[in-house]
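Peer 1: 3D model of this:
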Amino acid sequence: MKVTTRPRFSAMVIIAGGLAIYQPAFAQTLPEVVDHTIKTNPDVLIDVYRKLAQDKKVDQAQANYKPKIDLNLGIGRERSENISTRPGSDTLTRSESGLTLSQMLYDGYATKSQVELAQSQVNSAAYRLADTSERTALRAVEIYLEVLRRQELLVLTQENLATHEKVFQQIKLRADSGIGRKVDLEQAEARFSLAQANLASAQANLRESNIQFQKVTGNMPAELENPLAFACETHAQTIDDAIKLAYQNNPAYKSQAASYEASLASERLAQAAFKPKVGLDAGASFNNNLDGIDYKNNDAYAMARLKYNVYRGGADSARLKETAFQNNEALAQVEQTKRKIEESTRLSWNLLEVTQKRLPILKSRVEATAMTRDGYAKEFNIGQRTLLDLLDTENEFYTARSEYINGRYLERFSNYRLMADMGKLLATLGVAPREEAKSASLDSQP
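Peer 2: Numbers count the residues shown, from 1 in each chain. I've put the predicted structure just below:
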């Protein structure tokens, strides 16, 4: 399926009815707004810092491969009463200094599992960041198009109000001169009031869209430009192809797959508790006046040590069973995410198909109502139509144009929504992903 947009359109906010809308003097393209949004939006930044913090957990886990060195220093007074001081006791100034080195040789692959666990969590956090970036970008696209749509509807509503005011003045002139009927004036006044109310609603809707734009992007909208015309091949000719691409590229699915890998590593870490631990200890101490002996006490050693826990109250077995259940939970979450992605992709595909089919129909309706309006105007000139007949056709033309504008923007948004489901929205817009989201290396899926 090929996805296309309409030609470029520079939309301007028209100030009407005393409404002043904030309008900076520079234009904003859709890619520029999306790029700024994923760099500054708090939802994205939360995941950025979460991912950066997770990176340091990998460093912490890898530190267990390296030796540990401890320095011990101490000095103070000691009173001793023992075989060396009998029949009394001695009080001496005791001093201690020592240096120890410990190196893990084998720990049942606990450190290896900890590193794998941390790395999988990093991948999950990176993919989660990518998913948040895609979803936030889609929200920015949605509100960007919404502002443009509201701007067009405001212009359309102003034009409709101007037409109603013109007809109302003509009918009022006739009524005042005794030619027109009072009931016609009352109907024209009612429709003119409705057109004024529609303008107030359009102005309020645009203000609301501007507020939402500021919430998502951090700035009020400037002069926005509709995306340039483009043809984008989704590489999906069928809905099944689209779903397959979504599974391959959607970062939410990859994040859950990485979380499942992390749960498997956690199980391997729990298994390490049932294995012995072997390490190398080396140290040297330089002490004076220990235990009432007025002399130095120095030593040095290097030893290989084996530790093996025989019994710990069943805690290790319970922990191992816990991780097994957590694996099942993580796998179920992968399946849950998979189903949500398929549902969203199917809905997006359906929305795109429907809007593409409706748009030509809506356009034909606009053309037909325009012809009807023009025909009624000609018939009015020869006395076959009334001014109220013109208002009827004008309202029909206004409604048809409004629905066409809504359909056109809905079609555009459905394009981007399908791209987001397939994890390709940023790439489609030509916006580079955040650096923090590029480090994900886990491509395997359960």
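
Peer 1: pLDDT on stretch 354-362, on average?
Peer 2: Mean per-residue pLDDT for stretch 354-362: 93.

Peer 1: no, scratch that, I was asking about stretch 272-288
Peer 2: On average, stretch 272-288 scores 94.

Peer 1: for it, buried residues please.
Peer 2: Buried residues in stretch 272-288, defined by neighbour count with 16 or more other Cβ atoms under 10 Å: 272, 273, 277, 279, 283, 287, 288. Just so you know, the C-beta spots here come from the backbone N, C-alpha and C atoms, and that holds for glycine as well.

Peer 1: now those as CSV including distance to residue 185 and secondary structure?
Peer 2: Shown next, in CSV, are the buried residues of stretch 272-288 (distance: Cβ to Cβ, whole Å; DSSP: H, G, I helix; E, B strand; the rest coil):
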residue, distance to residue 185, secondary structure
272, 90, helix
273, 91, helix
277, 97, strand
279, 100, strand
283, 106, strand
287, 112, strand
288, 114, strand
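
Peer 1: save these as JSON lines, and put in distance to residue 157 too.
Peer 2: JSON lines is the format used below for those (distance: Cβ to Cβ, whole Å):
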{"residue": "272", "distance to residue 157": "69"}
{"residue": "273", "distance to residue 157": "71"}
{"residue": "277", "distance to residue 157": "76"}
{"residue": "279", "distance to residue 157": "78"}
{"residue": "283", "distance to residue 157": "84"}
{"residue": "287", "distance to residue 157": "91"}
{"residue": "288", "distance to residue 157": "94"}
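
Peer 1: which of those residues sits closest to residue 91?
Peer 2: residue 288 (14.0 Å; Cβ to Cβ).

Peer 1: next one: the closest one from residue 71, what distance?
Peer 2: 17 Å (Cβ to Cβ, to the nearest Å).

Peer 1: how about the secondary structure of residue 94?
Peer 2: Under the three-state scheme (DSSP: H, G, I helix; E, B strand; the rest coil), residue 94 adopts strand.

Peer 1: do the one 5 residues further on as well
Peer 2: Taken by three-state DSSP, the conformation at residue 99 corresponds to strand.

Peer 1: so what's it scoring on pLDDT?
Peer 2: 95.

Peer 1: any idea what it is bridged to?
Peer 2: residue 71, residue 284 (DSSP bridges).

Peer 1: tell me who's in contact with it.
Peer 2: Contacts for residue 99 (Cβ atoms under 8 Å, 6 or more residues apart in numbering) come out as 69, 70, 71, 72, 283, 284, 285.

Peer 1: for residue 301, see how far away it is.
Peer 2: 11 Å.

Peer 1: need the overlap of contacts for these two.
Peer 2: 283, 284.

Peer 1: out of the buried residues of stretch 272-288, flag the one nearest to residue 419.
Peer 2: So of the buried residues of stretch 272-288, ranked by how close each gets to residue 419 (Cβ to Cβ), first place is residue 272, at 43.9 Å.

Peer 1: pick the one among the buried residues of stretch 272-288 closest to residue 394.
Peer 2: Nearest member of the buried residues of stretch 272-288 to residue 394, counting by Cβ to Cβ, is residue 272, at 79.0 Å.

Peer 1: how much space between the closest one and residue 106?
Peer 2: Counting by Cβ to Cβ - residue 272 and residue 106 are separated by 10 Å.

Peer 1: for residue 249, same thing?
Peer 2: Counting by Cβ to Cβ, the gap from residue 249 to residue 106 is 41 Å.

Peer 1: what of residue 133?
Peer 2: Where residue 106 is concerned, residue 133 sits at a distance of 42 Å (Cβ to Cβ).

Peer 1: kindly report the same for residue 67.
Peer 2: 15 Å.

Peer 1: cool, residue 373 as well?
Peer 2: Residue 373 is 87 Å from residue 106, by Cβ to Cβ.

Peer 1: these two: who's more crowded?
Peer 2: Each of residue 373 and residue 106 has its neighbours counted (other Cβ atoms under 10 Å); residue 373 has more, 19 against 13.

Peer 1: all helices for the protein, in order.
Peer 2: 30-40, 42-62, 110-176, 182-217, 239-249, 251-271, 315-381, 387-421, 425-429 (DSSP state H).

Peer 1: right, and these - which one's nearest residue 436?
Peer 2: Short answer: helix 42-62, nearest of those by Cβ to Cβ, at 5.0 Å.

Peer 1: ok, and for that closest one, which residues are buried?
Peer 2: Buried residues in helix 42-62, counted by 16+ other Cβ under 10 Å: 44, 45, 47, 48, 51, 54, 55, 57, 58, 61.

Peer 1: is it true that the last one touches residue 107?
Peer 2: No: taking contacts as Cβ atoms under 8 Å, residue 61 lies outside contact range of residue 107: 11.9 Å.

Peer 1: quick one, which residue of this structure lies the farthest from its center?
Peer 2: For the chain, the residue at maximal distance from the C-alpha centroid (Cα atoms, centre = their mean) is residue 87, at 79.2 Å.

Peer 1: for that residue, give its distance to residue 80.
Peer 2: 13 Å.

Peer 1: just residue 388 next, same as before
Peer 2: Taken as Cβ to Cβ, the span from residue 388 to residue 80 is 116 Å.

Peer 1: repeat that for residue 368.
Peer 2: From residue 368 to residue 80 the distance is 110 Å (Cβ to Cβ).

Peer 1: one more: residue 347?
Peer 2: From residue 347 to residue 80 the distance is 82 Å (Cβ to Cβ).

Peer 1: next one: residue 324
Peer 2: For residue 324 relative to residue 80 (Cβ to Cβ), the value is 55 Å.

Peer 1: before we move on, what about residue 430?
Peer 2: Distance from residue 430 to residue 80, by Cβ to Cβ: 79 Å.

Peer 1: between these two, who's got more neighbours?
Peer 2: Shown here are residue 430 and residue 80; by other Cβ under 10 Å, residue 80 has more neighbours (16 against 10).

Peer 1: check contacts around the residue nearest to that one when sequence neighbours are not counted.
Peer 2: In this structure, residue 80 finds its nearest non-sequential neighbour in residue 292, 2.9 Å apart by Cβ to Cβ, 6 or more residues apart in numbering. Residue 292 sits next to 78, 80, 81, 82, 84, 85, 89, 90, 92 when contact means Cβ under 8 Å, 6+ apart.

Peer 1: same thing but 7 Å
Peer 2: 80, 82, 84, 85, 90, 92 (Cβ atoms under 7 Å, 6 or more residues apart in numbering).
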